[in-house]
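Student: the following block contains a protein sequence and its predicted model.
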Amino acid sequence: MKTIGITGGVGAGKSTVLNYMESHLEACVLEADKIGHLVMEPDGPCYDEIIGLFGKDVIKKDKTIDRKRVSDVVFSNGEMLARLNGIIHPAVKKYIRRRLEEERDHGRQLAVVEAALLLEDHYEEFCDEIWYVHTDADIRIQRLMTSRGYTREKAESIIRNQATEVFFRSHADYVVENNGDLSVTYEQIEEGIKRNETL
């Protein structure tokens, strides 16, 4: 089974690439952000530890963790953010590794792993290739303003705080340009897979 790690800045349209690979290439898609929510569920491996860190105030009436309250705390507290990440990130990676083993055992040919900090958290340890989804900054800003209701200033600030273009490109095995023409994006995905087959 080939495992491709997908990364890129906010607003780059990584979900467009993931959706295509899932629907057209029968890929198993694993998104670290969604798995991060799963491991925080009441029966998840991080639930008790997070409550131990933040206190019982973060438990909602339905027993789930109030993620908004948690994010409000860590937004202005770097130490708490680091401790939260220290709980969640290892659990997410463990979950992904287990799922990849299961998919491999079931004969799946292609798996795709997407994570915001894919490179920083060394997901390349279990990915055969790293793909970088690139989109021009102006388009990313417009997408964030439209889809999330951000101001231009907020969108620019978020982009500024993420890894640089040079960092992404220097660590990627393949780049998918996603500047709006989906047919071009899809062609590049197909080319990336074909390129894999001939390597």
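Tutor: It's in.

Student: phi, psi for the residue nearest the centre of the chain please.
Tutor: Nearest residue to the geometric centre of the chain (CA atoms, centre = their mean): residue 115, 2.3 Å. The phi/psi pair for residue 115 (degrees, to the nearest 10) reads phi -150, psi 140.

Student: what sits against it?
Tutor: Contact analysis of residue 115 by CB atoms under 8 Å, 6 or more residues apart in numbering lists 5, 7, 31, 32, 33, 92, 121, 123. Every C-beta, even on glycine, is put in place using the N, C-alpha and C of the backbone.

Student: how close does it get to residue 136?
Tutor: Separation of residue 115 from residue 136 (CB to CB, to the nearest Å): 22 Å.

Student: with residue 21 instead?
Tutor: Relative to residue 136, and taking CB to CB, residue 21 is found at 22 Å.

Student: same deal with residue 76?
Tutor: Distance from residue 76 to residue 136, counting by CB to CB: 31 Å.

Student: and what of residue 144?
Tutor: 13 Å.

Student: now do the strands in the chain.
Tutor: All strands of the chain, identified by DSSP state E, fall at 2-7, 28-31, 110-114, 129-134, 174-177.

Student: those strands: which one's closest to residue 64?
Tutor: Closest to residue 64 of the strands of the chain, according to CB to CB: strand 28-31, at 19.1 Å.
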